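Peer 1: missing the sequence, but the structure's below:
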């Protein structure tokens with residue numbers, strides 16, 4: 001996984017219930033890697049409640065861990081993840097803006 005300013009970050013997450021795509025705009029400013037406007041969506045309809053949403057959450061954390069390791073290996077000091085939950089989302093706090101800054105030097 002290599003990060004290039006201006007390119008799309010694309011990742012397909014395989015789950016027992018089907019493939020889930022992750023897409024974001026890659027922005028690099030100095031020693032900060034930003035994956036902006038992250039979108040997570042299944043390739044085929046799947047019920048994302050109960051056990052399925054728990055599995056997806058665990059897998060998504062695993063992807064974040066992998067992205068952090070790759071960003072650190074490529075010399076970044078910070079990783080910023082931004083997204084906005086859809087207003088029509090059935091998740092907690094629809095419409096919430098997510099902005100997470102991770103210090104990779106620790």
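Peer 2: Okay, I see it. Treat the numbers as computed from the prediction; the structure is a model and nothing was measured.
Peer 1: so who does the residue sitting nearest the centre point of the chain touch?
Peer 2: Nearest residue to the geometric centre of the chain (CA atoms, centre = their mean): residue 38, 5.6 Å. Contacts here follow CB atoms under 8 Å, 6 or more residues apart in numbering; on that basis residue 38 touches 22-24, 81-83, 98. From N, CA and C alone the C-beta is placed, and that goes for glycine too.
Peer 1: ok, now with 10 Å
Peer 2: Shown in contact with residue 38 (CB atoms under 10 Å, 6 or more residues apart in numbering): 9, 22-25, 60, 81-84, 98, 100.
Peer 1: What of residue 1?
Peer 2: Shown in contact with residue 1 (CB under 10 Å, 6+ apart): 9-11, 63, 66-67, 69-71, 73-74.
Peer 1: Got the confidence number for it?
Peer 2: On pLDDT, residue 1 comes in at 83.
Peer 1: same question, residue 104
Peer 2: 97.
Peer 1: Can you report how many residues lie near it?
Peer 2: Residue 104 has 18 neighbours, counted by other CB atoms under 10 Å.
Peer 1: Let me know how buried the closest residue to it other than its chain neighbours is, in neighbour terms.
Peer 2: Counting by CB to CB, 6 or more residues apart in numbering, residue 104 lies nearest to residue 72, which is 4.4 Å off, once chain neighbours are set aside. For residue 72, the neighbour count with other CB under 10 Å is 16.
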